[in-house]
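**Student:** sequence and predicted structure are below.
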Amino acid sequence: MGNPITRRELLRVGVAASASLLVGPAAMARTFAANEKIRFACIGIGGMGGKGVNVASGEQIVAAADVDASHSAGAVKRIKEKFADAKIYTDYRKLFDEQKGLDAVWVATPDHHHFPAAYRALDAGLAVYCEKPLCHDLYEARKLRELAKAKKVATQMGNQGHSGEHIRLLCEWIWQGSLGDVTEAHVRPPYKQMDFGSRDPGQPAEVPKGLDWDLWQGPVKEREFRTGIVPAKWRGWLDYGTGLLGDWFCHNGDGAVWALKLYEADTCEVECEGEEPNATNWPHEVRVSWKFPNRGDMVPCIMRWSSGEYNDYNAKPMPSSVDPERVKAAASQPSAYYGTKGMAVSGWWMNGTRLFPESFMKEVGKPKAVLPRSKGHEADFLNAIRTGERSSADFDYSARLTEVMLVGNVANLVREKLTYDFREGKFTNSAKANALVKRQPRKGWELGYA
């Protein structure tokens, strides 16, 4: 028998494996001449889509699409002022049918359109930036990851904190053993005043002028227009959004998934307690708990998501294997990581990562930098298009981050203790849960779901 592997060697191997999510060629880039612009299509240009218009305006916008003429009027005006020949569409399916000279697509639609728009772009061999969460259903996350890998194009999800310095510090502290074995992570969204989703099924109403309601619904079952959906409350609707968990987990849960290598798990157990969903809307007052087995040299761990009244650690103390006082001490932070030697906390969008308390941080000091640093989330994406290098939150990683979140959302709907197999993309103990893995699209929207 050869010499045994030391813990230091295991850590080195683990760091290298995790760092590989960021480095190395991933995209098959076309050759760009000096000062040549990337040719963009922007899908969803109102609201959050304005960011995509801003970034793409530094390149070249060839086409754009939005189903709401009133909500997107300002963005259309800005596009036309700089790119007079840009074609504006209502239906992005027609955009893909007609536009054959594109390099990249920026997707900033509501969640239920992320998959059909991103799938069409990938299928055409185009680079894709998609706002978070990557998609609405588990099948969609796996399909986008698979297709992006096959097409070898640049991809990026809009969880900007993943490109920041502080999530890298968290990974490096944990991988280098500063916290010891991390057995528990807690994640939460902002308090209620920053919750953009609706729990109200609304009232039948007249469709707003300029909105193509049929196209807005896209792949989901047709329903009458109701108040409390557009322009932003759709996040709380089961058919259109992914609730508070979908809205915030890809930001504040990113550190747990990356630093604890949860994406390497073959299986996990998950369950949800608290407020039940109604017929149309996601609940707000819930606690979701995932239990992960060993991942390489990582010990088994629990990750908990707490929202609504479960955010109040005094009213509903967090069940924990660690000292309750340490849990309460971190209650003001969006994420906390509990190890056998100490703990770390992070702020919104994975900013402000530090060891806790301050005396522990001074004792440990700054970790050794082993992960490549980013020049910026959008800059990484543009660079990946031009060079073929990997972007920081490409679909290989972000689809797995989204998959972990979506497993929790299924538990939100199926109040049973579930076991999910990441290798097969299905639950091993619930036909009810498996029925929620893949939606049945409306006629005309079947592409990608076959």
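**Tutor:** Here it is on my side, so go on.

**Student:** in the protein, where is pLDDT below threshold?
**Tutor:** 1-26, 191-195, 312-322, 325, 327-329, 331 (pLDDT under 70).

**Student:** and it, what are its domain boundaries?
**Tutor:** Domain ranges of the chain: 26-161+377-394, 165-374+403-434, per automatic domain parsing.

**Student:** now the helices for the stretch 151-300 of the chain?
**Tutor:** Ranges of helices within the stretch 151-300 of the chain are 165-175, 213-217, 243-252, 254-259, based on DSSP state H, counting those that start in this stretch.

**Student:** now render these as a markdown table, adding mean neighbour count and distance to Ala118.
**Tutor:** For glycine as for every other residue, the C-beta is placed from the backbone atoms N, C-alpha and C. Formatted as a markdown table, these follow (neighbours: other Cβ atoms under 10 Å; distance: least, Cβ to Cβ, whole Å):
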| stretch | mean neighbour count | distance to Ala118 |
| --- | --- | --- |
| helix 165-175 | 23 | 23 |
| helix 213-217 | 18 | 17 |
| helix 243-252 | 26 | 15 |
| helix 254-259 | 28 | 19 |
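
**Student:** so which of the domains of the chain is the most surrounded?
**Tutor:** domain 26-161+377-394 (a mean of 21; mean count of other Cβ atoms under 10 Å).

**Student:** please name the nearest non-neighbouring residue to Ala265.
**Tutor:** Spatial nearest neighbour of Ala265, excluding adjacent residues (Cβ to Cβ, 6 or more residues apart in numbering): Phe292 at 4.8 Å.

**Student:** quick one: contacts for the one you found?
**Tutor:** Leu260, Leu262, Ala265, Cys268, Pro300, Cys301, Ile302, Met303 (Cβ atoms under 8 Å, 6 or more residues apart in numbering).

**Student:** among the helices of the stretch 151-300 of the chain, which comes closest to Asn429?
**Tutor:** Nearest of the helices of the stretch 151-300 of the chain to Asn429, taken as Cβ to Cβ: helix 243-252 at 21.3 Å.

**Student:** the closest one packs against which elements?
**Tutor:** If contacts are counted by 3 or more Cβ pairs under 8 Å, 6 or more residues apart in numbering; DSSP states H and E, helix 243-252 sits against helix 395-413.

**Student:** picking that back up, could I get the domains of the chain as CSV with distance to Lys443?
**Tutor:** Listed next are the domains of the chain as CSV, based on distance: least, Cβ to Cβ, whole Å:
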stretch, distance to Lys443
domain 26-161+377-394, 13
domain 165-374+403-434, 10
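
**Student:** next one: the residue nearest to Ala265 from Ala433, what distance?
**Tutor:** Noted for Phe292: a distance of 18 Å to Ala433, by Cβ to Cβ, to the nearest Å.

**Student:** what are the ranges of the helices in the stretch 1-150 of the chain?
**Tutor:** 7-19, 49-57, 73-82, 92-98, 111-123, 138-151.

**Student:** closest one to Pro441 among the ones you listed?
**Tutor:** With Cβ to Cβ as the yardstick, what comes closest out of those is helix 111-123 (7.7 Å).

**Student:** can I get the CA coordinates of stretch 360-367 in CSV?
**Tutor:** This file holds the C-alpha atoms of stretch 360-367, laid out as CSV (Å, rounded to 0.1, in the frame of the first residue of the first chain):
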residue,chain,number,x,y,z
PHE,A,360,-11.6,34.8,15.6
MET,A,361,-11.1,36.7,12.3
LYS,A,362,-8.0,38.4,13.7
GLU,A,363,-6.6,35.1,14.9
VAL,A,364,-7.1,33.3,11.6
GLY,A,365,-6.2,36.1,9.2
LYS,A,366,-6.8,36.3,5.5
PRO,A,367,-6.9,33.0,3.6
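
**Student:** what's next to it, contact-wise?
**Tutor:** For stretch 360-367, using Cβ under 8 Å, 6+ apart, the contacting residues are Leu169, Glu172, Trp173, Gln176, Ser178, Gly342, Met343, Arg354, Leu355.

**Student:** equivalent analysis for stretch 339-352, please.
**Tutor:** By Cβ under 8 Å, 6+ apart, stretch 339-352 touches 159-162, 164, 166-167, 170, 173-174, 177-183, 190, 251-252, 254-255, 322, 326, 330, 333-337, 353-356, 360, 364.
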